[in-house]
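>>> Fold the stuff below for me.
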Amino acid sequence: MVKMKMIHRILPRAFSSNASRVRRFSSAASQSTLAAQPVQENEPVIPKMPPFDYTPPPYTGPSAEEILRKRQQFLSPAVFHFFKNPLSLVDGKMQYLFDEKGRRYLDAFGGIATVGCGHCHPEVVDAIVNQTKRLQHSTILYLNPAIADFAEALASKFPGDLKVVFFTNSGTEANELALMMARLYTGCNDVIAIRNGYHGNAAATMGATAQSNYKFNVVQTGVHHAQNPEEYRGIFGSDGLKYARDVDEIITYGTHGRVAAFISEAIQGVGGILELAPGYLPAVYNTIRNAGGLCIADEVQSGFARTGSHFWGFEAHGVVPDIVTMAKGIGNGIPLGAVVTTPEIAKVLTQRMYFNTFGGNPVCTAAGLAVLNVIEKEKLQQNALTVGSYLKERLSSLKDKYEIIGDVRGRGLMLGVELVTDRQLKTPAKVETLHLMDQIKEMGVLIGKGGFFGNVFRITPPLCFTKEDADFLVDVMDYSLSKM
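Here you go, the predicted model:
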């Protein structure tokens, strides 16, 4: 029998200190190369991607090498890319992406939890094109049905008195606006956020963010960071009430007794798909309101049916926020964000002029309304629950098989797989994570990574993901892990 060649690869110089470990890894070749090689006895079967009835048109643009050269020459050096050999994607359809050569990839990252309905969903595309043909932009100083219709439809998705919408262009903008509104409404400056959370990269949101990887050395004031109520590495495990006491103590010892707001994600996305411990949010919301503050739910990643069990992540905790922020899935890839709050809180912006040139423009809001219609029409929330539960179960079976998997977590189609070199010490498997991402990509699956240590696979595919897609993803991950 012909033995499979072991192709050794050294990761970038940034990880040269781990080269001795890297040399032990065998690199999986491309799907076509793998498929051409004979299968040995006891060798795992190479997974086969589910069939899909779409062929992208021929691509005639610049090569990946040329694009990379232009990026390096003309774009900020802060713009980075995944993979040792960066991927050039030029076409997309539903849960699949295509490179410049027409090769198909299963997208299990969804543009960072952004593409909910599927790439280039025909109804969303039609809404964008039709509105663009009719009126691309004027200003919200004039009346237009697109913004009003979408605001009404979006408000209907919220409980209680959360009925007033402000449109922005991104999640960072939405969170900036929410924090400013809370400070204006309460007359206080102090904000409490959670360690390991991410809320944006502007002034107030960088202050609320609690990951040093995303914080620059600029003035960031008025934010206190509470213990992260996470169950895997957290000091109190799954005891949400013990974590909640830290918020009470911050108010007692770190403020004058009153606060502006508490802001948190229901599931930390950038932080590594971490759900908050049970009982935490109800207790903290009560503490914050007793201190005169508002409760802000950051639904930028967990909103719009992604968690499956609920339309919004906060609903799983049995709480009703005072302000909700959103972006990403709201427009299926269109730059769009929003802040939803009560009529009373909304009035604070009338104290001065508040204006956003592009927020609520006709094209983006037409896309947003189409997204809501597609989620309901195609029952994507139910699909996220059904397929997500199945996928999580299959990923958990890999944990039983491979010691490197320390934790499988998340809800619906917002899942995380944390890799560790030692389960007891929970030592982050940073280099192994990068290596596996490359191997999984070579076999036709795209996943993201996150967590403070960069050792968590972020699995946030389009909500049209199928069980067959889930099987392929897990089988590819299984195959790649078996080759380490």
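
>>> Tell me where the stretch 201-350 of the chain has strands.
223-226, 261-265, 267-268, 274-275, 294-298, 323-326, 337-341 (DSSP state E, counting those that start in this stretch).

>>> Which residues does the first one contact?
Going back to what we said before, that points to strand 223-226. Residues outside strand 223-226 that contact it (C-beta atoms under 8 Å, 6 or more residues apart in numbering): 190-195, 207-208, 210, 243, 246-247, 250, 254-255. To be clear about C-beta, it is placed using only N, CA and C from the backbone, and glycine gets the same treatment.

>>> List only those of the residues you listed flagged as buried.
Those of those that meet the buried threshold are 190-195, 207-208, 210, 243, 246-247, 250, 255, by 16 or more other C-beta atoms under 10 Å.

>>> farthest-separated two in the residues you listed?
207 and 243 (21.0 Å; C-beta to C-beta).

>>> ok so, going back, among the contacts of strand 223-226, which one sits closest to residue 428?
Closest to residue 428, out of all of the contacts of strand 223-226 and judged by C-beta to C-beta, is residue 195, at 16.4 Å.

>>> who are the neighbours in contact with the closest one?
Each residue near residue 195 by C-beta under 8 Å, 6+ apart is listed here: 210, 225-228.

>>> do residue 110 as well
With C-beta under 8 Å, 6+ apart, residue 110 has these contacts: 116, 460-462.

>>> Just the ones in strands from the residues you listed, please.
Judged by DSSP state E, the contacts of residue 110 include no members of strands.

>>> Out of these, flag the one nearest to residue 408.
Using C-beta to C-beta, those come closest to residue 408 at residue 460, 14.4 Å.

>>> if I look at residue 64, how far off is residue 79?
15 Å (C-beta to C-beta, to the nearest Å).

>>> higher neighbour count, these two?
residue 64 (16 against 9; other C-beta atoms under 10 Å).

>>> Give the rounded mean pLDDT of the helix or strand hosting residue 449.
Residue 449 belongs to strand 448-450 when assigned by DSSP states H and E. The average pLDDT within strand 448-450 is 96.

>>> quick one, phi/psi of the closest residue to residue 385 other than its chain neighbours?
Spatial nearest neighbour of residue 385, chain neighbours left out: residue 308 (3.1 Å); criterion: C-beta to C-beta, 6 or more residues apart in numbering. Residue 308 adopts backbone torsions of phi 80, psi -50, taken as degrees, to the nearest 10.

>>> could you say what helices and strands the strand holding residue 449 packs with?
In terms of contacts (3 or more C-beta pairs under 8 Å, 6 or more residues apart in numbering; DSSP states H and E), strand 448-450 is packed against helix 430-442, strand 456-459.

>>> could you redo the ones you listed as TSV and give each row mean pLDDT?
As requested, those are exported to TSV (pLDDT from 0 to 100):
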stretch	mean pLDDT
helix 430-442	97
strand 456-459	98
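
>>> So which of those is nearest residue 294?
Nearest to residue 294 among the helices and strands packed on strand 448-450 is strand 456-459 (29.2 Å), distances taken as C-beta to C-beta.

>>> check which helix or strand covers the residue nearest to residue 47 when sequence neighbours are not counted.
Nearest residue to residue 47 in three dimensions, chain neighbours excluded: residue 475, at 3.7 Å (C-beta to C-beta, 6+ apart). Element membership for residue 475 (DSSP H and E) is helix 467-482.

>>> Which stretches in the stretch 51-200 of the chain count as strands?
Going by DSSP E, counting those that start in this stretch, the stretch 51-200 of the chain shows strands at 89-93, 96-99, 104-107, 164-168, 191-194.

>>> just those: most buried one?
strand 191-194 (a mean of 26; mean count of other C-beta atoms under 10 Å).

>>> ok, now which ones touch residue 382?
Going by C-beta under 8 Å, 6+ apart, residue 382 touches residue 308.

>>> Out of the helices and strands packed on strand 448-450, which is closest to residue 356?
Residue 356 lies closest to strand 456-459 among the helices and strands packed on strand 448-450, at 29.5 Å (C-beta to C-beta).

>>> For that closest one, what is the distance to the chain centroid?
9 Å (C-alpha atoms, centre = their mean, to the nearest Å).

>>> Next one: residue 376 from residue 78, what distance?
The gap separating residue 376 from residue 78 is 38 Å, by C-beta to C-beta.

>>> Just read off the phi/psi values of residue 320.
When read as degrees, to the nearest 10, the backbone of residue 320 gives phi -120, psi 110.

>>> Please convert the strands of the stretch 201-350 of the chain to CSV, extending it with distance to residue 411 and mean neighbour count.
Putting those into CSV (distance: least, C-beta to C-beta, whole Å; neighbours: other C-beta atoms under 10 Å) gives the following:
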stretch, distance to residue 411, mean neighbour count
strand 223-226, 22, 21
strand 261-265, 12, 28
strand 267-268, 7, 27
strand 274-275, 7, 27
strand 294-298, 15, 28
strand 323-326, 17, 28
strand 337-341, 21, 27
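
>>> which residues are contacting stretch 403-412?
Contact with stretch 403-412 is made by 231-232, 267, 273-275, 305-309, 313, 316, 384-385, 388-389, 392, 395-396, 398-399, 415-421, 423, 426, 429, 432, 459, 481, 484, as judged by C-beta under 8 Å, 6+ apart.

>>> Looking at the residues you listed, which are in helices?
If you go by DSSP state H, those have 384-385, 388-389, 392, 395-396, 398-399, 432, 481 in helices.

>>> Of these, select the buried ones using a ChimeraX command.
Restricted to buried positions by 16+ other C-beta under 10 Å, the ChimeraX selection for the ones in helices among the contacts of stretch 403-412 reads:
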select :384,385,388,389,392,395,398,399,432,481
